[in-house]
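Engineer: starting from these lines, generate the structure:
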Amino acid sequence: MKLTEVLIKPILTEKANLQQTKLGCYTFRVSKKANKLEIKKAVESFYGVNVKTVNTVVAPAKNKSRNTKAGLIQGTKSSYKKAMVTIASGETIDLYGSL
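Structural biologist: Below you'll find the predicted structure:
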């Protein structure tokens with residue numbers, strides 16, 4: 001798998017921001033086919049940091065429904081894989097760029 005296909009996007013939530021500041025742990029949405037070694041190589045090459053650990057989890061698919069004028073619409077929210085990457089102390093990743 002190519003390194004450009006491994007990382008999809010960073011996850012920017014309140015919980016993820018808290019983990020970034022306190023633990024140095026960054027969360028990314030990754031390809032379902034990617035393993036921990038590929039994720040580690042991709043983060044190190046794209047952001048130029050040393051990765052200590054990589055933890056992965058597959059978020060399961062969820063059923064969603066909503067009421068509209070046309071009636072009840074049902075569907076599913078697809079599953080995805082996310083990786084929590086802990087980097088070496090003293091290093092940071094600038095996810096926001098020049099905002």
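Engineer: please count neighbours and contacts with C-alpha atoms only from this point.
Structural biologist: Fine.
Engineer: from Lys64, how far off is Lys32?
Structural biologist: 22 Å (Cα to Cα, to the nearest Å).
Engineer: what do you get for Thr76?
Structural biologist: Distance from Thr76 to Lys64, by Cα to Cα: 5 Å.
Engineer: one step back: who's more crowded, Lys32 and Lys64?
Structural biologist: Between Lys32 and Lys64, counted using other Cα atoms under 10 Å, Lys32 has the larger neighbour count: 13 against 10.
Engineer: check what pLDDT the more buried one gets.
Structural biologist: On pLDDT, Lys32 comes in at 95.
Engineer: and what of Asn67?
Structural biologist: Taking Asn67 on its own, its pLDDT is 94.
Engineer: what's opposite it in the beta bridge?
Structural biologist: Bridge pairing for Asn67 (DSSP bridges) gives the partners Leu72.
Engineer: neighbours of it, how many?
Structural biologist: With other Cα under 10 Å as criterion, Asn67 counts 9.
Engineer: what do you get for Ile93?
Structural biologist: Neighbour tally, Ile93, other Cα under 10 Å: 16.
Engineer: quick one: the helices in this protein?
Structural biologist: All helices of the chain, identified by DSSP state H, fall at 3-6, 14-23, 36-47.
Engineer: and Leu95, which of these is closest to it?
Structural biologist: Relative to Leu95, the nearest member of the helices of the chain by Cα to Cα is helix 36-47, separated by 9.4 Å.
Engineer: tell me the mean pLDDT for that closest one?
Structural biologist: On average, helix 36-47 scores 94.
Engineer: what lies in contact with that helix?
Structural biologist: Outside helix 36-47, the residues within contact range by Cα atoms under 8 Å, 6 or more residues apart in numbering are 1, 3-4, 6-7, 30, 49-51, 54-56, 83, 85, 93.
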